[in-house]
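K.L.:
need a structure here:
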Amino acid sequence: MIDRPGWTPKRVLIGPVEVAGVGQGLQQGLAQIGVASELVLECRHPFAYAATEAASVWVRAWNWFGTRARAAGPGRLWQQMILYAIHLVLGWPVLLWALLRFDAFVFLYGKTLTNTRMELWLLRALKRTSVVIYLGSDARPAYINGAWTDVTAAQLARMVRRQKRRLRRLESWATVCVNAPGTAHFHERPIVNWFALGFPRTLGPLAPAGGADAVRGADDPGRGCDASAAATVRIVHSPSHPVLKGSAAIRAAVERLQQQGFDVEFESLCGLSNRQVLAALRRCDLVVDQLYSDTPMAGLATEAALLGKPVLVGGYLARDMPQALGGLPVPPTRFVAPEAFELALEELVASASARAALGAAAAQFVRTQWSTGAVAARLLRILRGDVPPAWWLDPAGISYLAGCGLTEDVARARVRRLIEHAGLDALQLSDKPRLAAAFASWARAPAVVDAAADRLAVP
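P.N.:
Take a look at the predicted model:
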């Protein structure tokens, strides 16, 4: 970590991918604190987040070929391969342009401009500060990631090896990495806790004037907590990946409430632009994000909070909150374990005042703690090497096992199958033997810990 107190980068590169508007938020936040930055993207984002991208002809060509390659369907494999090949070649002039233009680099989602060790070596040799911000599946072990389905144990083992190699390469060469407690299993060096940085998101002119006022029926004495007397409660769920988000189970829970007599409308949004999703959020009374999350406030929840909407999130990490955040502020969503999800949903549907209080708290949090300017100011401290002790997260202390996007039973079965196929080393946790043993015990796999030597052995 380079300690550069008082140093301010002349220009910051943010890229090469956009995830949930984080790049846009960082760009706007840095502008608010007087730091110039440019968003340099390898392809267009399908949800059309609004942001100002770099004007370089090399970047535009790189972005165009990347977008076309991603859009090419499986039936056009040769076309896709040619487009990707051109895209990869163009990454090098983009890198040269970037090295001449930027003195700080913020890489999102575990990717760089060329995704090569040579690029990282050049950044280090030329004394360019680089921060890698991980945002979920880019770091989450594949064996506890519900996004990966229908894979054999052998395929899973190969995926995990590649994942660990990529993360280790970036961790070895980057100035610092940022990751969350629920996805930091593979790190071997201290990282900045993602919750110390925050989620920089802005909605611009779409946002209403006040948080609590955005919740319909917030303080109507004629409604109280009697659902039968209240107006229809509109619930919005907007899954980017319905299976991963537990959409079927969420819909079933809503239908059971309807059968019990609750006046509820449920809207599930898929494949819409970000602007369309925001319009739906403005009209609703409650947002249900997902059922198996490893974070209390992800992208959709942050957008809802900016609109003053209460958010319900399910996830196994809720059992360990707020300890998992190490004393950092806990984002105010209703974050509950999956088995408590349906009861929490009923309570929020039944109580307009509870929804109002939760929405107001969330709006206050994201407009202060997670405002784009506040997050950018913390990013600047990280770039300078001025990281407070409370921000650091030691990966050796990671204890979360259940992952994201799948039930505990499914996660256990995947871990057990992987260990039985390739042993404990397949978890890629040789630097954390106790965590590997915890996974094996949790998954009921045949492994034991030699506590005295702090080694793992497979009987």
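
K.L.:
count of residues packed around Leu100?
P.N.:
8 (other CB atoms under 10 Å). (C-beta placed from N, C-alpha, C; glycine too.)

K.L.:
Now do the same for it: helix, strand or coil?
P.N.:
What DSSP: H, G, I helix; E, B strand; the rest coil gives for Leu100 is helix.

K.L.:
in stretch 272-291, what's buried?
P.N.:
Neighbour-count burial for stretch 272-291, counted by 16 or more other CB atoms under 10 Å, picks out 274, 277-278, 280-282, 284-291.

K.L.:
dump the residue contacts of the residue nearest the centre of the chain.
P.N.:
Centroid-nearest residue in the chain, with CA atoms, centre = their mean: Leu135, separated by 3.7 Å. Shown in contact with Leu135 (CB atoms under 8 Å, 6 or more residues apart in numbering): 19-20, 22, 108-109.

K.L.:
What is the lowest-pLDDT residue among the residues you listed?
P.N.:
Lowest-confidence member of those: Ala20, scoring 83 (pLDDT).

K.L.:
With adjacent residues omitted, what lies nearest to it?
P.N.:
Computed as CB to CB, 6 or more residues apart in numbering, the closest residue to Ala20 that is not its neighbour in sequence is Gly299, at 3.0 Å.

K.L.:
same thing with Arg355?
P.N.:
Nearest one to Arg355, counting by CB to CB, 6+ apart, is Pro310 at 4.4 Å.

K.L.:
And the strands in the stretch 301-450 of the chain?
P.N.:
311-314, 334-336, 392-393, 448-450 (DSSP state E, counting those that start in this stretch).

K.L.:
element containing Gly25, please.
P.N.:
helix 22-32 (DSSP states H and E).

K.L.:
any chance you could map the helices in the stretch 151-300 of the chain?
P.N.:
Using DSSP state H, counting those that start in this stretch, the helices of the stretch 151-300 of the chain run over residues 153-173, 194-197, 242-245, 247-259, 274-283, 299-306.

K.L.:
Which among these is found nearest to Gly359?
P.N.:
helix 299-306 (7.6 Å; CB to CB).

K.L.:
got the phi/psi numbers for the residue nearest to Asp263 when sequence neighbours are not counted?
P.N.:
Spatial nearest neighbour of Asp263, excluding adjacent residues (CB to CB, 6+ apart): Thr232 at 4.8 Å. The phi/psi pair for Thr232 (degrees, to the nearest 10) reads phi -60, psi 130.

K.L.:
who's in contact with Thr232?
P.N.:
Contacts of Thr232 (CB under 8 Å, 6+ apart): 263-265.

K.L.:
ditto for Arg251
P.N.:
Neighbours of Arg251 in contact, by CB under 8 Å, 6+ apart: 237, 266, 268.

K.L.:
next one: Ala344
P.N.:
Per CB under 8 Å, 6+ apart, neighbours of Ala344: 312, 334, 336.

K.L.:
Compute the distance between it and Leu325, please.
P.N.:
For Ala344, the distance to Leu325 equals 20 Å [CB to CB, to the nearest Å].

K.L.:
Then Pro433?
P.N.:
25 Å.

K.L.:
now the stretch 201-350 of the chain, which segments are flagged as low pLDDT?
P.N.:
Scanning the stretch 201-350 of the chain for pLDDT under 70 picks out 204-230.

K.L.:
what's the burial count for Pro93?
P.N.:
15.

K.L.:
what's the pLDDT at the closest residue to it other than its chain neighbours?
P.N.:
Spatial nearest neighbour of Pro93, excluding adjacent residues (CB to CB, 6+ apart): Trp58 at 4.7 Å. Trp58 is assigned a predicted lDDT (pLDDT) of 94.

K.L.:
Quick check: Trp58 touching Gly91?
P.N.:
No: the pair Trp58 and Gly91 fails to qualify as a contact (CB atoms under 8 Å) at a distance of 9.3 Å.

K.L.:
For Ala61, what is the enclosing helix or strand?
P.N.:
Per DSSP H and E: helix 57-71 holds Ala61.

K.L.:
Any buried residues in that helix, and which?
P.N.:
Buried, per 16+ other CB under 10 Å, within helix 57-71: 58-59, 62-69.

K.L.:
where does the stretch 351-459 of the chain have low pLDDT?
P.N.:
For the stretch 351-459 of the chain (pLDDT under 70), the answer is 446-459.

K.L.:
cutoff 50 now
P.N.:
For the stretch 351-459 of the chain, applying pLDDT under 50 flags the ranges 448-459.

K.L.:
Show me which positions of the helix holding Gly25 end up buried.
P.N.:
Residues of helix 22-32 classed as buried: 22-30 (neighbour count, 16+ other CB under 10 Å).

K.L.:
Looking at those, which is nearest Val410?
P.N.:
Val22 (28.5 Å).

K.L.:
Tell me who's in contact with that closest one.
P.N.:
Neighbours of Val22 in contact, by CB under 8 Å, 6+ apart: 108, 133, 135, 199-201, 299.

K.L.:
Skipping its backbone neighbours, what lies nearest Glu188 in space?
P.N.:
Using CB to CB, 6+ apart, the closest residue to Glu188 is Asp431 (5.1 Å).

K.L.:
and the one you found, how many neighbours does it have?
P.N.:
Neighbours of Asp431 under the rule other CB under 10 Å: 13.

K.L.:
what's the spacing between it and Val178?
P.N.:
Asp431 is 19 Å from Val178, by CB to CB.

K.L.:
cool, and Gln260?
P.N.:
43 Å.

K.L.:
just Phe102 next, same as before
P.N.:
Taking CB to CB, one finds Phe102 at 18 Å from Val178.

K.L.:
and Ala438, how many neighbours does it have?
P.N.:
Residue neighbour count, defined by other CB under 10 Å, stands at 17 for Ala438.

K.L.:
sorry, that was for Phe186
P.N.:
Neighbours around Phe186, by other CB under 10 Å: 25.

K.L.:
contacting residues for it?
P.N.:
By CB under 8 Å, 6+ apart, the contact set of Phe186 is 139, 141, 163-164, 167-168, 395, 428-429.

K.L.:
Mind picking the two most distant members of those?
P.N.:
With CB to CB as the measure, no two of these lie farther apart than Gln163 and Pro395, at 14.6 Å.

K.L.:
and Gly136, what helix or strand is that in?
P.N.:
Here Gly136 is assigned to no helix or strand, by DSSP H and E.

K.L.:
Excluding covalently adjacent residues, which one is nearest to it?
P.N.:
Once flanking residues are discounted, Gly136 sits nearest to Thr183: 6.2 Å by CB to CB, 6+ apart.

K.L.:
And Thr368, by the same measure?
P.N.:
Counting by CB to CB, 6+ apart, Thr368 lies nearest to Ala374, which is 6.9 Å off, once chain neighbours are set aside.

K.L.:
My guess is the one you found contacts Phe365. True?
P.N.:
No: using CB under 8 Å, Ala374 is not in contact with Phe365, being 10.8 Å away.

K.L.:
Does the closest residue to Ala54 other than its chain neighbours fall in a helix, a strand, or a coil region?
P.N.:
Nearest residue to Ala54 in three dimensions, chain neighbours excluded: Glu38, at 4.4 Å (CB to CB, 6+ apart). Put simply, Glu38 is strand when judged by three-state DSSP.
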